[in-house]
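*Asks:* Predicted coordinates and the sequence they were generated for:
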Amino acid sequence: MKLANRVAIISGGNRGIGLATAKLFCREGARVVITGRDETAGRAALAQLADSAAREPNALFISADVTQNDACQRIVKETIDAFGRLDILFNNAGIILRNRSIEATTEDEWDAMMNTNVKSMFLLSRAALPHLRAAGGGAIVNTSSYLGLVGAPGLAAYSASKGAVINLTRAMALDHARDKIRVNCICPGSVETDMIYTAWQAYGDVDQAARVWSAKHPLGRIASVDEVARLALFLASDDSSFITGAAIPIDGGITAG
Ligand code: NDP
C-alpha cells in the first residue's frame, strides 16, 4: 500500500474530488481527515470511508470553514489528537464564480473567491507545516485548475485565484524542500462533480452542456473524480519522491494547444 501508516488532511473532502481522493487514500492504507462546512455531506462521506473491519477509526470528518484561521488551527489540532501525526495535506476546497468579468464581480465575491481558493491554503499549510516537519517530511498537494494556466471569458476572479495557487505552490516548494516537504499542485480540466453539474444546469440543457464541455477537451470528454484522485495519490506518495514545485495539468489536453 502506498500510504501505509500515513495521516492525511483533505480539505473539501466531503464530496467531489476530495471525497474520491479520501477513498483512494484510505484504500492505500492512510488514515484520513476530511473537512467541509456541510455536516450532512460530511457524515455521508464518512460512512463511505469507514472501515468496519478496522479496530480503530480510519477516518474523521471535521466541520470547518477553511477561510478562518481558528478553524484551520482546529483541523490540524484535532487531526494530531486523533491520529498522532500528519504526513499529507491536500488543499482542495474551492468555489467557482462563472459569467463574471471583473466589472460584474462584487468586492464580496472577489474576497470569497480569494479567501476560499487561496487564503485557505496559506492558513491550513501554516498550521500543518510544523507537524509535517516533525514527521520527518511530507507532501502538500494543492488543487489549482487548468484555469490557473490559461484564462477564459467570465472567469476572471476564479482564474486569478487558481493562478495564485500555482505560484504559491512553487514558492512553498522552495521554502520547505530542505525539510523534505514536497509541494505540488494539480490543474484539472472539467471534472464530473457538483461544480460542473451546477454549471450545466445554469446552461439550461444539461445534455447539450455535457456535449459542449466535453468537446472543449481534446480527449472529447471530461475527467472522472477517480482519475484526478489518482494524480493526487501520485503526488502525495513516494512515487513522486523527486517532484516538487510542479503544476501538473490533468485536463484531457485542453492546455496543450
Ligand atoms: P465541489 O463543489 O464538489 O466540492 C467543493 C468542496 O470544497 C466541498 O467539499 C466544499 O465543502 C468545500 N468548500 C468550499 N468552500 C469551503 C469553505 N469555505 N470551507 C471549507 N470547505 C469548503 O467541487 P470539486 O470537487 O469539483 O472541487 C474541488 C476542487 O477542484 C476545487 O478547488 C475546484 O476549484 C477544483 N477544480 C474543479 C474542477 C471541476 O471541473 N470540478 C476543475 C478544476 C479544478 P462545503 O460546501 O461543505 O464547505
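*Replies:* Alright, I've got the coordinates.
*Asks:* Tell me which helix or strand comes right after the longest helix seen in the chain.
*Replies:* Longest helix in the chain, counting residues (DSSP state H): helix 156-176. Following helix 156-176 in sequence order, the next helix or strand is strand 181-188 (DSSP states H and E).
*Asks:* Who are the packing partners of that following strand?
*Replies:* Other elements packing on strand 181-188 under the criterion 3 or more C-beta pairs under 8 Å, 6 or more residues apart in numbering; DSSP states H and E are helix 120-134, strand 138-143, helix 156-176, helix 225-236, strand 247-250. Any C-beta I mention is one placed from the backbone N, CA and C, and that applies to glycine too.
*Asks:* Can you check which of those gets nearest to the ligand?
*Replies:* strand 138-143 (4.2 Å; C-beta to the nearest ligand atom).
*Asks:* Okay, now the sheet partners of the closest one, with direction.
*Replies:* Taking DSSP bridges as the criterion, strand 138-143 sits next to strand 88-91 (parallel), strand 181-188 (parallel) in its sheet.
*Asks:* Quick one: residues in contact with the last one.
*Replies:* Okay, so that is strand 181-188. Outside of strand 181-188, the residues within contact range by C-beta atoms under 8 Å, 6 or more residues apart in numbering are 17, 129, 132-133, 137-146, 148-149, 162, 165-166, 169, 172-173, 176, 223, 228, 231-232, 235, 240-241, 243-251, 255.
*Asks:* Just put the strands paired with strand 138-143 in JSON lines and tack on distance to Val76 and mean neighbour count.
*Replies:* What follows is the strands paired with strand 138-143, written out as JSON lines (distance: least, C-beta to C-beta, whole Å; neighbours: other C-beta atoms under 10 Å):
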{"stretch": "strand 88-91", "distance to Val76": "9", "mean neighbour count": "29"}
{"stretch": "strand 181-188", "distance to Val76": "14", "mean neighbour count": "26"}
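*Asks:* Which single residue of the stretch 51-200 of the chain approaches the ligand most closely?
*Replies:* Nearest to the ligand, among the residues of the stretch 51-200 of the chain, is Gly94, at 2.1 Å (C-beta to the nearest ligand atom).
*Asks:* how many neighbours does the residue lying closest to that residue once chain neighbours are set aside have?
*Replies:* Of all residues beyond its chain neighbours, the one nearest Gly94 is Asn117 (4.9 Å), with distances taken as C-beta to C-beta, 6 or more residues apart in numbering. By the criterion of other C-beta atoms under 10 Å, Asn117 has 27 neighbours.
*Asks:* can you check the one 5 residues further on too?
*Replies:* Phe122 is flanked by 15 other residues according to other C-beta under 10 Å.
*Asks:* What residues does the stretch 1-150 of the chain have near the ligand?
*Replies:* The interface of the stretch 1-150 of the chain toward the ligand, taken as C-beta under 6 Å from any ligand atom, is made up of 11-12, 14-18, 35-38, 41, 65-67, 92-96, 116, 143, 145.
*Asks:* Which of those fall in strands?
*Replies:* Secondary structure from DSSP state E places Thr35, Gly36, Thr143 of these in strands.
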